[in-house]
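Peer 1: Structural data only, the sequence is not supplied:
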């Protein structure tokens, strides 16, 4: 057996460089490169390997460990999970900074490979700088918190263990049903240890992503259920896009006259103006979709994990006869809500179910013009909100209307948290698939700018816009600098409403007078944060980092700034002051949040009574 002597870190990179995926006959290099921030836990091991033995892997210098993992996640999401970046950090705080982003990837079913440095395997210099010591279990390190947020976790305590850990990591990363964050903890001494690796370990490996067909009996069960229903509703989740099943979704809906609602991850599965697209579903849903969901006697969920926002805390489906057909590549998700499970690739499942229903000439029982009327009513509401004026300044919905009508329809928008995801889910009008990039599985504040950078890496020929609130911007904007460094322009649309206004609205809607959510000075009179707003100059901040920056306070200024930003060649920020509370809300949806049953406030107690009454009225599924 031929061997080559390499350090474990050098061998890891050589192995990663040889990984490919093949789907539908198209072969793609799987690992594009490594994003990293160096410290004593990885700089002399993996860092040396990246400097001298990286092969075709590209190194991208992160500025914040969480941010760079968000960027890698967004890259993989935009590439339909068929290409990834790995991410490396030092031990201790560097590693722990990646845990939140690891959970974000796993919740969203997006592949990302994490390579945090770890304690010395030999323990000779223990405790080293930044080492976490757990007296009751000395095998625990700062990398153990990755276990619950990773789909696969391993610690390489000997260089030869890479021979099994590497293929296992690839198995999970390339499996659509199991993918998420994969963590390989790398003790800093083992990274530098040499071993005689077999050359066969570094041969090109092609991981075939075969489309899983549905079982014939499962198709038969699903078709039988559908045939007995008059008012089905399709819910398109992210799985539609990852499976490249948008054409099959449209054909299925059109053949049987079934309206389509979209989750956050599934939005842009159909063009907004498709006659059967009734828009967003659930807590952040449209009136059209939510009313159809209330009446539906069948929900066909395609590639959705049925989060509480999708189901309105399981209150969205009020027909006593409602049942579910769940199309999902993951058995875990297809078994939800006691539905008929079609555990299969979305494209294959839609084709098979289409064929089975066509054989019996099935057609939904919606009244003539009913779906069109619901859609027309909602389209009129969006037009109203896009034109909304406010005496105190620019309304948030008006700003979104200007943006949607000004930027190119091929542009990609990225968002994640705050009040903006609700408005975008309801109001944004995408025409092309993959132009709406929302991280709402974890709704992780700080994803927006890092995610936009990752999307720009994946889509270099498109304009990419990060739509972000001032709260998320202050929390994590570091990869804006990375976008400048890498020459990958993004445009940051910063909505300044002086705080965490989404949660401020939620708070006040359940009995609070408002507490701790606005960016105000501490008042000498009240002792609380009730003074004037903090005067933050976001344009000056962006310029100090090297970006171009504009400020727009009117619709006309915003349109002009967008056109100017498009002509810029480097990352650009547009600061958009908006009036707090001018976002959308409601539309016959409900969200179950805990409200105190005991309080000195009568408003809180009344809110609790309303919440408990609603909980009692929810149809249990």
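Peer 2: All right, it came through fine. All values reported here derive from a predicted model rather than from experimental measurement. Numbering: from 1, shown residues only.
Peer 1: The stretch 401-550 of the chain: strands as residue ranges?
Peer 2: Assigned by DSSP state E, counting those that start in this stretch, the strands in the stretch 401-550 of the chain fall at 412-415, 436-438, 464-469, 491-496, 548-551.
Peer 1: now those strands as JSON lines including mean pLDDT?
Peer 2: Formatted as JSON lines, these follow (pLDDT from 0 to 100):
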{"stretch": "strand 412-415", "mean pLDDT": "98"}
{"stretch": "strand 436-438", "mean pLDDT": "98"}
{"stretch": "strand 464-469", "mean pLDDT": "98"}
{"stretch": "strand 491-496", "mean pLDDT": "98"}
{"stretch": "strand 548-551", "mean pLDDT": "98"}
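Peer 1: Please dump the ones you listed into JSON lines; it should also carry distance to residue 359 and mean neighbour count for every row.
Peer 2: Every residue, glycine included, has its C-beta placed from N, CA and C. As requested, the strands of the stretch 401-550 of the chain are exported to JSON lines (distance: least, Cβ to Cβ, whole Å; neighbours: other Cβ atoms under 10 Å):
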{"stretch": "strand 412-415", "distance to residue 359": "40", "mean neighbour count": "28"}
{"stretch": "strand 436-438", "distance to residue 359": "35", "mean neighbour count": "28"}
{"stretch": "strand 464-469", "distance to residue 359": "44", "mean neighbour count": "29"}
{"stretch": "strand 491-496", "distance to residue 359": "49", "mean neighbour count": "25"}
{"stretch": "strand 548-551", "distance to residue 359": "58", "mean neighbour count": "20"}
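Peer 1: Out of the ones you listed, which gets nearest to residue 351?
Peer 2: Comparing the strands of the stretch 401-550 of the chain against residue 351 with Cβ to Cβ, the closest turns out to be strand 436-438 (24.6 Å).
Peer 1: Could you please name the strands the closest one pairs with and the direction of each pair?
Peer 2: Strand 436-438 sits in its sheet next to strand 412-415 (parallel), going by DSSP bridges.
Peer 1: Show residues contacting the partner strand.
Peer 2: Strand 412-415 is contacted by residues 74, 78, 421, 424, 428, 434-439, 447-448, 451-452, 455, 459, 462-468 when judged by Cβ atoms under 8 Å, 6 or more residues apart in numbering.
Peer 1: from the chain's centre, how far out does it sit?
Peer 2: Centroid separation for strand 412-415 versus its chain: 10 Å, with Cα atoms, centre = their mean, to the nearest Å.
Peer 1: just stretch 150-157 next, same as before
Peer 2: With Cα atoms, centre = their mean, you get 23 Å for stretch 150-157.
Peer 1: what's the straight distance from one end of that stretch to the other?
Peer 2: For stretch 150-157, the separation between the terminal residues is 19 Å (Cα to Cα, to the nearest Å).
Peer 1: what pLDDT, on average, does it get?
Peer 2: Stretch 150-157 shows a mean pLDDT of 98 in the predicted model.
Peer 1: Please enumerate residues in contact with that stretch?
Peer 2: Contacts of stretch 150-157 with the rest of the structure, by Cβ under 8 Å, 6+ apart, involve 8, 102, 106, 114, 118, 121, 143, 146-147, 161-162, 165, 168-169, 171-172, 178-187, 190.
Peer 1: Show me the protein divided up by domain.
Peer 2: Per automatic domain parsing, the structural domains of the chain span 3-208, 216-374, 387-498+534-577.
Peer 1: Show the contacting residues for residue 431.
Peer 2: Residues in contact with residue 431, defined by Cβ under 8 Å, 6+ apart, are 271, 272, 273, 409.
Peer 1: Now which of those residues would you call buried?
Peer 2: Restricting those to buried positions leaves 271, 272, with burial counted as 16 or more other Cβ atoms under 10 Å.
Peer 1: Max pairwise distance over the contacts of residue 431: which two?
Peer 2: Farthest-apart pair in the contacts of residue 431 is 273 and 409; separation 11.1 Å (Cβ to Cβ).
Peer 1: Check the offset of stretch 495-514 from the chain's centre.
Peer 2: Between the mean C-alpha point of stretch 495-514 and the mean C-alpha point of its chain there is a distance of 23 Å (Cα atoms, centre = their mean).
Peer 1: In it, which residues are buried?
Peer 2: Across stretch 495-514, burial judged by 16+ other Cβ under 10 Å covers 495-502, 504-508, 510-512.
Peer 1: now the end-to-end length of it.
Peer 2: 20 Å.
Peer 1: Got the confidence number for residue 596?
Peer 2: On the pLDDT scale, residue 596 is placed at 89.
Peer 1: likewise residue 620?
Peer 2: So residue 620 comes in at 55 (pLDDT).
Peer 1: now do residue 221
Peer 2: Confidence at residue 221, expressed as pLDDT, is 98.
Peer 1: Residue 611 now?
Peer 2: Residue 611 carries a pLDDT value of 86.
Peer 1: mind checking pLDDT for the most centrally placed residue in the chain?
Peer 2: Computing the C-alpha centroid of the chain and ranking residues by Cα atoms, centre = their mean puts residue 439 first, at 2.3 Å. We note a pLDDT of 98 for residue 439 in this prediction.
Peer 1: give me phi/psi at it?
Peer 2: In terms of degrees, to the nearest 10, the main-chain angles of residue 439 are phi -90, psi 100.
Peer 1: ranges for the helices of the stretch 201-350 of the chain?
Peer 2: 216-227, 238-242, 246-256, 287-295, 308-311, 331-334, 346-358 (DSSP state H, counting those that start in this stretch).
Peer 1: thought residue 554 was touching residue 394?
Peer 2: Yes: shown here, residue 554 and residue 394 form a contact pair, counting by Cβ atoms under 8 Å, at 6.5 Å.
Peer 1: Would you mind telling me which of those two has more residues around it?
Peer 2: Neighbour tally, residue 554 and residue 394, criterion other Cβ atoms under 10 Å: the higher count belongs to residue 394, 23 against 13.
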